[in-house]
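Trainee: Build me a model:
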Amino acid sequence: MRPLRDLGPLSSAPRSLPARPGPRGPTIGDLRPWPGVATTIHPVTRREAGAVSDRQLTEGDLDDLIAAAVRAPSLHNTQPWRFVARPEAIEVHADPSRALRVIDPDARELTLSCGATVFNLRVAAARAKREPHVQLLPDPEVPTHLATVWLDRPVLAGAGYAGMYDALWRRRMNRRPFRDAEVPEPRLAELVEAAKAEGAALRFLRRHELAELLAVAREADRRQRCDSAYRAELAAWTTDDPWRTDGIHSSTLGPYPQVNFLPVRDFGLTRLDSARRIERFESDPKVAVLATAGDDRPDWLRAGQALQRVLVVTAMRGLAASLFSQPLELTDLRRAVRDLGGIGAPQMILRVGHGRAVLPSARRPVRDVKDLVPRVAPGAQRWRR
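Mentor: Purely as a prediction, here's the structure:
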């Protein structure tokens, strides 16, 4: 990974938004395509201009869009994002003060999480009868500015997003055992297509490949457990506080899996009072690797949108999902996963199945993540590009 340059301070005064997506701005259509896969955003269908209200979005409308955006998943539920709201667009910024510098030093997973918020904004914009256009990395002078979602074109309906708005609110990370019920092949194929629609690839592993991944995951788990810096970072984001609006609450930890299963990240590792049970997980887990053709910030943002589309479609079909990222947080082991999957740069590992209902993770209120103008985030000077 090439060195990333330091961030300069963000302006504290109002500024105009970057130009609309065009030849100079890196839009999703400009990204290196996955072979045979369209990487443009699926725009909502535009009808007669007179049939749709062209009123300006209100502050309440923008708050509703951001409330949907923050339902995206994030590593340790750090919620490493901020939003700059305008009536015609919402900017998505990374919040370097919430970076996990031990397990995510390149901010790859942080960027994936922000990409997932972009997908949620697209879904929410379509529901609000606005045609979303996404511009990635629109301002080279502000490296934390990861995307702008333009909202200024009214439409009647959102093609390609039907049923997704309700599902993004139902989506959960399920760390518990799934039932030993087969997931129909058409459902798995639908998830593969969901990733493909965002310019990524999703590949479900065969039994022998899953055994190889298990060995890699166990090694990742062993190394991280022995790392005092990892343990300290994990402890900082695990909580019993019922009023805390970020981090992983003890009520959502889930049980320890029995042997011969992918090691679930043990958020109770540093908790002496942890009373978690050991349970048998499903005997034939459906595990997939999400990958992209390249491995830079535009690819990570694309992967985040693909991941969220897959997770939302999973929720739409009544399925459960959990994520495994430990093998991807150590450089040599991530290479091993890449060789295993054989489909490009691995960005996330997913487990899909039939699960019981689980509690949602906490979220910070919109007022805590929304700015009317860009702000200087603590830790911004250490952000690398």
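Trainee: all contacts plus neighbour counts: C-alpha atoms, from now on.
Mentor: Will do.
Trainee: Assign residue 196 to helix, strand or coil.
Mentor: Here residue 196 is recorded as helix under DSSP: H, G, I helix; E, B strand; the rest coil.
Trainee: Got the domain ranges for this protein?
Mentor: Following automatic domain parsing, the chain resolves into domains at 28-171+373-382, 178-355.
Trainee: Give me whichever of those domains is most buried.
Mentor: domain 28-171+373-382 (a mean of 20; mean count of other CA atoms under 10 Å).
Trainee: Please report the distance of residue 55 from residue 87.
Mentor: From residue 55 across to residue 87, the span is 10 Å (CA to CA, to the nearest Å).
Trainee: and if you look at residue 215?
Mentor: 50 Å.
Trainee: Please state the backbone phi and psi of residue 352?
Mentor: Note on residue 352: backbone dihedrals following degrees, to the nearest 10 are phi -130, psi 140.
Trainee: Spatially nearest residue to it (excluding sequence neighbours)?
Mentor: residue 321 (4.6 Å; CA to CA, 6 or more residues apart in numbering).
Trainee: What ranges does this protein have for its helices?
Mentor: 59-69, 108-127, 164-170, 185-197, 207-225, 228-236, 297-316, 331-341 (DSSP state H).
Trainee: Make JSON lines from those helices and add distance to residue 176 and mean pLDDT to it.
Mentor: Below are the helices of the chain laid out as JSON lines (distance: least, CA to CA, whole Å; pLDDT from 0 to 100):
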{"stretch": "helix 59-69", "distance to residue 176": "25", "mean pLDDT": "96"}
{"stretch": "helix 108-127", "distance to residue 176": "22", "mean pLDDT": "97"}
{"stretch": "helix 164-170", "distance to residue 176": "16", "mean pLDDT": "95"}
{"stretch": "helix 185-197", "distance to residue 176": "20", "mean pLDDT": "98"}
{"stretch": "helix 207-225", "distance to residue 176": "18", "mean pLDDT": "91"}
{"stretch": "helix 228-236", "distance to residue 176": "19", "mean pLDDT": "92"}
{"stretch": "helix 297-316", "distance to residue 176": "16", "mean pLDDT": "98"}
{"stretch": "helix 331-341", "distance to residue 176": "24", "mean pLDDT": "92"}
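Trainee: In JSON lines, list those helices along with distance to residue 348.
Mentor: Formatted as JSON lines, these follow (distance: least, CA to CA, whole Å):
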{"stretch": "helix 59-69", "distance to residue 348": "20"}
{"stretch": "helix 108-127", "distance to residue 348": "9"}
{"stretch": "helix 164-170", "distance to residue 348": "19"}
{"stretch": "helix 185-197", "distance to residue 348": "12"}
{"stretch": "helix 207-225", "distance to residue 348": "13"}
{"stretch": "helix 228-236", "distance to residue 348": "19"}
{"stretch": "helix 297-316", "distance to residue 348": "8"}
{"stretch": "helix 331-341", "distance to residue 348": "10"}
